[in-house]
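S.K.: Sequence first, predicted model second:
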Amino acid sequence: MNYEELLQAARGQMGPCHACPVCNGRACGGNIPGPGAKGSGTVAIRNFDAWRSVRLNMDTIHENFTPDTRLQLFGRTFKYPFFAGPVGAMALHYGDKYNDMDYNAILVPACAAAGIAAFTGDGTNPKVMEGATAAIAANGGFGIPTVKPWDNATVAKKMAMARESGCFALAMDIDAAGLPFLQNLTPPAGSKTVEQLQEIAHEAGVPFILKGIMTAKGAEKAVQAGAAGIVVSNHGGRVLDDCAATEEVLPEIVAAVAGRAKVFVDGGIRTGGDVFKALALGADAVLIARPYVTAVYGGGAEGVACLTEKLGAELADTMRLCGAATLADISQDMVRI
C-alpha cells in the first residue's frame, strides 16, 4: 500500500472527514463533532499554514552520510522523532467504523511495530482507558496513555490502570478542559492547579507529560508541577478559537523550558519536512494525530506502517539535504522563519 492508496481507501470510511490529499483543516472548518476546529475553524488552518511559512536552508556541501533518525527518550529508542497523537471519541467524530477500543487496538501495536509509539486517548466510558492500557500492556509498555483532566478521584483510577500497563510515560491533555463536548458531563473535567498537577506527576511513577501548553508562562508552571515533558499544543484548534499557531509559540516556550523538560509539539505537522522544522525550532519530538486516524481507517496496521515510513523517508531526505547527519545536528540555522 502506498500513501495515495491509503487515502483512497479511507474516503467514505471516516464519517464527516474527507481524507483530503492534504489534511490542512480547510474542508472540515468548524465541523465539531467531526475532525474540525472550534468556532471559525481557522486555528487548525493556521497551525498548518505556520509550518508552510518556515523555509528550509539547503546545504549539500558536506560528507555523504545516511541520516540517523533515531530518538532516545525516557530510556527508550525510537526509529523516528515523532509519535501518533491521542485521539478519542472515534464514533462521535469519525463515524461508526471504529470505536475507541477498536482504534487503539490497531494503532498501538502498529506504531510499536513501526518503531514509534502511540499516545492513546481517553473518554467518559471507562472501557476506553481499559482498552488503551490493555493494548499498551500487550505491546511491552510501548505507548503513552493520555488521561483527561477529570476530577481527582477519576484521574487516580485511570492513572492506576496506566501504571499497570507498564507504559514508559504517562500524559494528561490539560487543554481538554476546554473541549465543548466534555463540559457538564460525568465524570467532570476541568482545569488543574500547579499543586494538583504536582500530586498527579508524583503519583504517575513514570515520566509525566503535560499536553496543551501554549505560553512561556504555562510552560514554567508545567515545569514547576514536575512535568518531565510538555506538548506545545492547542488541541488541533478544537478548544479555543483565535489562539496562536503552535509553530508561532514554540521557540519562546523552548527558551522558557531551557532544557528542564522534553518539549514536544503538534498541530498541522504533516510531512517529514515539518518534523525537521519543529526540531530545528527546538522541539525534541512531535505528535501527529489526524493523519494517523486516516492511516488506521484507510489501511489498518498497514496504513500506519505506510504513513510512518513516508514521514520517516521525508525526514531523512530533509536531513540529508540540509546537512544534519543525526537529530542532534539539526539546528535553527537550517531553517528560515
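M.R.: Cool, the structure landed.

S.K.: which stretches of the stretch 101-250 of the chain form helices?
M.R.: Listed in chain order, the helices of the stretch 101-250 of the chain (DSSP state H, counting those that start in this stretch) span 126-138, 152-164, 194-204, 216-224, 246-257.

S.K.: can you tell which of those is closest to Thr69?
M.R.: Among those, the nearest to Thr69 by Cβ to Cβ is helix 246-257 (20.1 Å). For the C-beta atoms, the positions are set from N, CA and C on the backbone; glycine is no exception.

S.K.: in the helix or strand just after the closest one, what's buried?
M.R.: Counting by DSSP states H and E, the next helix or strand C-terminal to helix 246-257 is strand 262-265. Buried residues in strand 262-265, counted by 16 or more other Cβ atoms under 10 Å: Lys262, Val263, Phe264, Val265.

S.K.: Find out how far strand 262-265 is from the centre of the chain, if you would.
M.R.: Relative to its chain's centre, strand 262-265 lies at 10 Å (Cα atoms, centre = their mean, to the nearest Å).

S.K.: Name the residues that touch it?
M.R.: 73-74, 83, 207, 209, 211, 228-233, 246-247, 250, 253-254, 257, 278, 282-287 (Cβ atoms under 8 Å, 6 or more residues apart in numbering).

S.K.: Need phi/psi at the nearest residue to Cys23 once chain neighbours are set aside.
M.R.: Nearest residue to Cys23, sequence neighbours excluded (Cβ to Cβ, 6 or more residues apart in numbering): Arg290, at 5.2 Å. When read as degrees, to the nearest 10, the backbone of Arg290 gives phi -50, psi -40.

S.K.: What distance do you get for Arg290 to Ala84?
M.R.: Arg290 sits 10 Å away from Ala84, going by Cβ to Cβ, to the nearest Å.

S.K.: again, but for Val232
M.R.: Between Val232 and Ala84 the distance, using Cβ to Cβ, works out to 17 Å.

S.K.: The two: which has the busier surroundings?
M.R.: Val232 (32 against 28; other Cβ atoms under 10 Å).

S.K.: My guess is the more buried one contacts Ile253. True?
M.R.: Yes. Judged on Cβ atoms under 8 Å, Val232 makes contact with Ile253 at a distance of 5.4 Å.

S.K.: Need the residues touching each of these two.
M.R.: Residues touching both Val232 and Ile253 (Cβ under 8 Å, 6+ apart) are Ile213, Met214, Val263.
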